[in-house]
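Asks: Here is a sequence together with a model predicted from it:
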Amino acid sequence: MIIDFVQTQKQKFEELVEKIMAQPEQYLDFDSVSDFYKAQWLDQFPQGTIWSTSGLDDGAEEFCVQIKYRELIFNIEIQSTSIGLKFNSKNIRVYKKI
């Protein structure tokens with residue numbers, strides 16, 4: 001039996017993204033960019049996953065995150081009133097409780 005390591009890692013990436021998209025409130029409670037970098041669930045992505053943020057600084061309250069493993073890309077848009085999530089053809093917008 002041959003195990004396709006890359007396919008296994010892609011599946012791991014997809015499963016974690018699906019968990020995040022199903023329950024964004026549990027994963028995406030950030031007040032700033034620096035909070036994102038402290039998120040422990042980032043370590044659950046497969047080795048080789050890269051992430052980047054676009055915010056003016058570590059204290060930015062509105063910013064975008066891109067998490068990528070090979071050709072798989074998960075985008076998160078943090079705004080003051082909502083969070084946007086995009087993976088493959090699936091788009092979700094969750095409004096924050098104020």
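Replies: Sure, I can see it.
Asks: and the lowest-mean-pLDDT helix or strand in the chain, which residues are buried?
Replies: The weakest-scoring helix or strand in the chain, judged by mean pLDDT, DSSP states H and E, is helix 33-37 (a mean of 83). For helix 33-37, burial by neighbour count (16 or more other C-beta atoms under 10 Å) applies to Val33, Phe36. Where you see a C-beta, it was placed from the backbone N, CA and C, and this is true even at glycine.
Asks: Stretch 62-77 now?
Replies: Neighbour-count burial for stretch 62-77 flags Phe63, Cys64, Val65, Ile67, Lys68, Tyr69, Leu72, Phe74, Ile76, Glu77 (criterion: 16+ other C-beta under 10 Å).
Asks: Give me the contact list for the helix or strand where Glu77 lies.
Replies: Element membership of Glu77 [criterion: DSSP states H and E] is strand 72-78. Strand 72-78 is contacted from outside by 10, 13-14, 17, 20, 28, 30, 36, 61-68, 83-87, using C-beta atoms under 8 Å, 6 or more residues apart in numbering.
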